[in-house]
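Enquirer: no sequence for this one, just the structure:
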């Protein structure tokens, strides 16, 4: 996503779910998922991860999206997932779940943005556990 200066304001360009930038369509709210629907999505994520390799990468991406949805449903605010995580710190009952959510999200960012990132399977499985604990702690699962 490019950030371009326009006068004294900065505007973000690009798609995605950040919305509200003034460029392109406004953010469209995601439907609220029931706990059962979140559990079903989590089962799909675990099935992806069981395949290893590319499936692990995809599972990390999907788990990050599910955590973002859980944050939104818990009332977290912000334009980015990082901002929503920061705003939701008090919504976690245990700091280790919050810290784990950050570690897992940072791994997802490395996968998405670093060329040639080498995903270690044990690291991916740990991140998936962190995502699961965070989503559960937020009351979504």
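Expert: Yes, it's here. In this text the structure is predicted, and so the values were computed from the model without any measurement.

Enquirer: distance between the ends of stretch 87-99?
Expert: With Cα to Cα, to the nearest Å applied, stretch 87-99 spans 13 Å between its terminal residues.

Enquirer: how about stretch 73-90?
Expert: 14 Å.

Enquirer: which parts of that stretch are buried?
Expert: With burial defined by 16 or more other Cβ atoms under 10 Å, the residues of stretch 73-90 counted as buried are 74, 76, 81, 84-85, 88. C-beta: built from backbone N, CA, C; applies to glycine.

Enquirer: now stretch 37-48
Expert: 38, 41-42, 45, 48.

Enquirer: same deal with stretch 128-141?
Expert: 128, 130-138, 140-141.

Enquirer: now do that stretch: distance to the chain's middle.
Expert: Centroid separation for stretch 128-141 versus its chain: 11 Å, with Cα atoms, centre = their mean, to the nearest Å.

Enquirer: could the buried residues of stretch 73-90 be laid out in CSV, adding secondary structure and pLDDT?
Expert: Shown next, in CSV, are the buried residues of stretch 73-90 (DSSP: H, G, I helix; E, B strand; the rest coil; pLDDT from 0 to 100):
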residue, secondary structure, pLDDT
74, coil, 94
76, coil, 95
81, helix, 94
84, helix, 97
85, helix, 97
88, coil, 96
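
Enquirer: make a markdown table out of those residues and add distance to residue 108.
Expert: Below are these laid out as a markdown table (distance: Cβ to Cβ, whole Å):
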| residue | distance to residue 108 |
| --- | --- |
| 74 | 19 |
| 76 | 17 |
| 81 | 9 |
| 84 | 14 |
| 85 | 12 |
| 88 | 17 |
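
Enquirer: pull the most distant pair out of the residues you listed.
Expert: Using Cβ to Cβ, these span at most 13.1 Å, a distance reached by 74 and 81.

Enquirer: quick revisit: ok, the buried residues of stretch 73-90 vs residue 109, which is closest?
Expert: Nearest to residue 109 among the buried residues of stretch 73-90: residue 81, at 8.8 Å, using Cβ to Cβ.

Enquirer: count the neighbours of the residue lying closest to the closest one once chain neighbours are set aside for me.
Expert: Distance criterion Cβ to Cβ, 6 or more residues apart in numbering; nearest residue to residue 81, sequence neighbours excluded, is residue 68 at 5.1 Å. Applying other Cβ atoms under 10 Å, we find 20 other residues in the vicinity of residue 68.
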